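Novice: Build me a model:
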Amino acid sequence: MKNSDTSSPRSDLALIETILWENGAYFLPGLHMDRLERSAHYFASRLASGSLFPCNRPDIEKKLATLASHFDPSEKHRVRLLLKKGGELDLTSEILNTPDAYPAKIAVSDKRTDRNDIFLPHKTTNRLLYDRELAKYRADGFFDVIFLNQDNEVTEGAITNIMIRKGKDHLTPPLSSGLLGGVYRQWLLKTGELCLKEKILYRKDIQNADKIFVINSVRKMVPAVLAG
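Specialist: Numbering: from 1, shown residues only. Just a heads-up that it's a prediction; the model follows:
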């Protein structure tokens with residue numbers, strides 16, 4: 001089933017980065033800014049001139065630093081960066097609280113995504129399907145909901161990438177399945193941490209995994225259990 005909710009752009013389309021601030025610094029800020037620039041350049045070449053996202057990296061980094069100067073060093077903050085058309089920047093933050101329980105409950109959505117959807121590799125506000133499914137499953141106590149593509153390959157969660165451990169191997173779906181290249185996922189692959197490898201996964205792989213983790217650059221590595 002094609003995911004029509006993400007394949008057509010919203011009129012108020014904006015780029016998003018969600019960044020962890022802890023121990024007096026942002027976590028992986030360079031990778032976040034690299035991804036933001038890549039998406040800005042991509043959409044500049046694909047969409048009409050009114051949809052351009054001028055990305056002034058030094059200015060954005062300066063504003064992030066100014067925001068962080070007001071944080072209490074003893075706290076963790078989740079910072080949401082929104083880059084709108086025309087280069088308008090919106091920064092918001094909230095104190096990051098620990099989830100109620102581990103392992104986190106996850107479920108698999110019955111909605112399918114399209115691996116060819118041009119928006120899936122980019123973090124944007126064009127995520128109606130993800131937001132709807134996440135709200136539905138959150139109401140039932142789930143931490144995240146996992147999606148499959150039109151070929152029943154596992155892709156990603158609404159707010160996380162997924163990783164499994166099978167024997168000595170740590171595995172995560174490849175970008176070719178149709179998913180966002182999460183910053184923490186990218187860092188794990190780049191540094192060789194856990195010797196993480198990309199592999200096409202199916203629901204049965206998640207069900208038969210020795211361990212399941214959902215990962216992102218804010219929560220890092222969250223132990224999970226498939227409960228739906």
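Novice: Name the next helix or strand downstream of the longest strand seen in the chain, please.
Specialist: The strand of greatest length in the chain, counted in residues with DSSP state E as the criterion, is given as strand 104-113. Scanning the chain past strand 104-113 towards its C-terminal end, the next helix or strand to appear is helix 128-138 (assignment: DSSP states H and E).
Novice: and A158, how many neighbours does it have?
Specialist: One way to gauge burial is a neighbour count; for A158, by other Cβ atoms under 10 Å, it gives 22. Bear in mind the C-beta positions are built from the backbone N, C-alpha and C, glycine included.
Novice: Partner strands of the longest strand of the chain, with direction?
Specialist: Taking DSSP bridges as the criterion, strand 104-113 forms sheet pairs with strand 144-149 (parallel), strand 220-226 (parallel).
Novice: May I have the secondary structure class of the nearest residue to G24 once chain neighbours are set aside?
Specialist: Distances taken as Cβ to Cβ, 6 or more residues apart in numbering put P73 closest to G24, at 5.1 Å, once the chain neighbours are dropped. P73 falls in the coil class when you classify it by DSSP: H, G, I helix; E, B strand; the rest coil.
Novice: Tell me the confidence at P73?
Specialist: Reading off the confidence values, P73 has pLDDT 93.
Novice: next one: phi and psi at it?
Specialist: Here the main-chain torsion angles of P73 (degrees, to the nearest 10) amount to phi -60, psi -20.
Novice: got it, and Y42?
Specialist: Main-chain dihedrals, Y42, degrees, to the nearest 10: phi -60, psi -50.
Novice: Quick check: it touching F119?
Specialist: No. Contact status for Y42 versus F119: not in contact, 10.3 Å apart, counting by Cβ atoms under 8 Å.
Novice: The two - which one has more neighbours?
Specialist: Ranked by neighbour count (other Cβ under 10 Å), Y42 and F119 place F119 first, with 24 against 15.
Novice: Please, where are all the helices along this structure?
Specialist: If DSSP state H is used as the criterion, the helices of the chain fall at 4-7, 29-46, 57-68, 128-138, 183-191, 203-207.
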